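>>> here is a sequence with its predicted model. Questions after.
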Amino acid sequence: MRCSLDLLMAYMDDQLPSQVEVRVRHHLARCAACRRQLAELRAVRELLSAAPAPAPPPGLVETIMGHVRFREAQRVRTRPQLRFWQGAFAGSAAAALVVALWLVGSSLLEREGGAAAAPAVEAALQEHIVYAALLETGAGDWMDWAWAPAGDRP
Ligand SMILES: [Zn+2]
């Protein structure tokens, strides 16, 4: 087996099939460089896990709900046969998705976050949550909404 950062990370996270795990363990017994790298990976993970979970960014809910309302209004305009309950269901599903993404992101950050890296990780997390929500509901439409003059927005 050759030295592999990917395998070391998977080994550290107990993500390897047992046969591969045994091979990595044997490699670690022979390879000082990989032992050193694994120790560094574990130290970084421990440092990051000590960081507090960030609060949601201000305005996140309003931004997302504005997009949800925009999508609902757009669906009504483009599909006159769409019934109210269908739009409400789509909005609820989008809101549930956002909450689920936030919970997953927060738990990941709790596990992976670190005091020193917290601002950068929080910014990346916010960006990912917003992008994921936008992708789920249609990023192009979002950009139309975001760039439209405020008076033209639904
Ligand atoms: Zn090695």
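Yep, that arrived.

>>> give the helix, strand or coil label for the closest residue in space to C31 that isn't next to it in sequence.
In space, and not counting its chain neighbours, C31 is closest to C3: 6.2 Å by CB to CB, 6 or more residues apart in numbering. The C-beta positions use only the backbone N, C-alpha and C, and glycine is treated the same way. Classification of C3 using DSSP: H, G, I helix; E, B strand; the rest coil returns coil.

>>> can you count the residues close to C3?
Using other CB atoms under 10 Å, the number of residues around C3 comes to 11.

>>> surely it meets L28?
No. Contact status for C3 versus L28: not in contact, 10.0 Å apart, counting by CB atoms under 8 Å.

>>> list residues touching both of the two?
C34 (CB atoms under 8 Å, 6 or more residues apart in numbering).

>>> residues of this structure that sit close to the ion?
Where the chain comes near the ion, counting by CB under 5 Å from the ion, the residues are C3, C31, C34.

>>> burial of R75, as a residue count?
For R75, the neighbour count with other CB under 10 Å is 16.

>>> mind giving me the domain ranges of this protein?
5-49, 60-152 (automatic domain parsing).

>>> can you list contacts of the strand or helix carrying Q19?
Element membership for Q19 (DSSP states H and E) is helix 18-30. Here helix 18-30 makes contact (CB under 8 Å, 6+ apart) with M1, C3, L7, L8, A10, Y11, L16, C34, R35, L38.

>>> what mean pLDDT does it have?
Helix 18-30 comes out with an average pLDDT of 97.

>>> what do you get for stretch 39-56?
Averaged over stretch 39-56, pLDDT sits at 90.

>>> flag the shaky bits of this protein, pLDDT-wise.
79-84, 87, 105-154 (pLDDT under 70).

>>> residue boundaries of the helices in it?
Here the chain has its helices, by DSSP state H, at 5-12, 18-30, 32-49, 60-78, 84-112, 118-137, 139-147.

>>> name the helices or strands packed onto the shortest one?
Of the remaining helices and strands, those touching helix 5-12 by 3 or more CB pairs under 8 Å, 6 or more residues apart in numbering; DSSP states H and E are helix 18-30, helix 32-49.

>>> which parts of it are buried?
By 16 or more other CB atoms under 10 Å, the buried positions in helix 5-12 come out as L7, L8, A10, Y11.

>>> and what of the third one?
Within helix 32-49, the residues that count as buried by 16+ other CB under 10 Å are C34, Q37, L38, L41, L48.
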